[in-house]
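> Return atomic coordinates for the entry below.
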Amino acid sequence: TGHARQGSTRSPQWRHGGVVFAPVPRDYSFKLNKKEKRLALKSALTSRVEADKFIVLDDLKLDEIKTKEFKKVLDALKVGKALVILDSLDRNVILSARNVPGVATAQAGSINTYDIMKYSTVVATKAAAEKIQEVYA
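Residues are numbered from 1 along each chain as shown. The predicted structure is shown next:
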């Protein structure tokens, strides 16, 4: 009959059967030592400072939530893709920056190596720069 010794109808040789080498969900994450993470962040920050791509502003305050005003500040600094690091959550700056392409905001306590390397320029407030220096120096 052609159905002898075939096993299950769900095996791969049958129509509507299984897939021979089906994709398997895998976890590709790996452990990185704390000291290595810290060193990578230091190296990334150092590379931005040495390349004159680390800009420190006295203060970055916006009176209202206006993307246009935030864009004017960035244009005055002549920066393209930038990571703006703030010392504390400033609602006006965060909401003004979120619609600008190639710009991201971060708090000084939560910066990571990926973001620093992703954006060509780092713009930080004076308080944020001091906080970074205090924590990572």
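> For Ser96, give its distance to His3.
Going from Ser96 to His3 by Cβ to Cβ, to the nearest Å gives 69 Å. For every residue, glycine as well, the C-beta is placed using N, CA and C.
> same question, Gly80
Applying Cβ to Cβ to Gly80 and His3 gives a distance of 67 Å.
> neighbour count winner among these two?
Taking other Cβ atoms under 10 Å, Gly80 and His3 do not tie; Gly80 has more neighbours (11 against 7).
> Model confidence score at the most centrally placed residue in the chain, please.
Closest residue to the average C-alpha location of the chain: Asp115 at 3.8 Å, with Cα atoms, centre = their mean. pLDDT, Asp115: 95.
> what's the helix or strand for it?
In the assignment (DSSP states H and E), Asp115 maps to helix 113-118.
> Return the set of buried residues in that helix.
The neighbour-count check on helix 113-118 (16 or more other Cβ atoms under 10 Å) flags Thr113, Asp115, Ile116 as buried.
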